[in-house]
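Student: Build me a structure from this.
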Amino acid sequence: MAAKGSKNEDWFDNLDKELDKKTAQAQKSSGVETTQKGELNRTLISDFWKILLRFEKINIHFSIEPADTQFATFDKYPYEWTLKDNFDFGSVNQIQIVDRTRSQGRIGDALRLRYYADGDNQNIRLTFEYCEGEHYYKYSGWKRIFGKYILFDSPAKKFDTDQFHTVLAEVVRQWYDSHLKRDRNLMLQYLAGTFEKGETYTE
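Tutor: Okay, here's the model as predicted:
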């Protein structure tokens, strides 16, 4: 132990102050990012909910995550709604709407937006995910095989809302048309001809 008054006794005090400063800077930066993410998520969740309601008008039922009761208050369910002020939009890392139509193999088709880490940065990716079929695995039984198309991918800090909405509008237009014509292949052909194919996974 250093003698009182030596130069060595305050090394930790200096380190402690430096770490306090770094902590404060990190918390400030994190707070700004969370606030920005919260504001962006308010827009994105509203977008997804409006898409769900548009399909609801033609009797096509979707589910949504996060659940509508978490982020919205309803005067008359489901069309008269406002976003809640007390919901933590900044904590949401995934937003999705999932098709519940049982015909044409559509059940499970999903428009999914998620945040993911790319090094020190946070990115936002929008995908369309769909069931390609089923496969029997010896130890786990039957599993559904899902494919995905990458519709939009951007660093969160450089997120271009107008560009995102342009892509989203066309995808919804094609999805909606495929439902009106009762032809899922119209949607899959559009995706295959327009977007990059992502990895497959099983559920």
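
Student: Packing partners of the longest helix along the chain?
Tutor: Assignment by DSSP state H gives helix 11-56 as the longest helix of the chain. Helices and strands touching helix 11-56, by 3 or more CB pairs under 8 Å, 6 or more residues apart in numbering; DSSP states H and E, are strand 62-65, helix 68-71, strand 80-83, strand 94-99, strand 110-118, helix 161-180. All C-beta atoms are positioned from the backbone trio N, CA, C, and that covers glycine.

Student: between that helix and helix 161-180, how big is the angle?
Tutor: Put simply, helix 11-56 runs at 40 degrees to helix 161-180, going by axes from the mean of the first three to the mean of the last three CA atoms, to 10 degrees.

Student: Give me the distance from helix 11-56 to the chain's centre.
Tutor: Offset of helix 11-56 from its chain centre (CA atoms, centre = their mean, to the nearest Å): 15 Å.

Student: what residue ranges in the chain score low on pLDDT?
Tutor: By pLDDT under 70, the low-scoring segments of the chain are 1-9, 24-34, 135.

Student: what angle do the longest helix of the chain and strand 94-99 make?
Tutor: Using the same axes, to 10 degrees: helix 11-56 against strand 94-99 is 20 degrees.

Student: Point out the most buried one among the helices and strands packed on helix 11-56.
Tutor: Compared across the helices and strands packed on helix 11-56, strand 94-99 shows the largest average neighbour count, a mean of 19 (mean count of other CB atoms under 10 Å).
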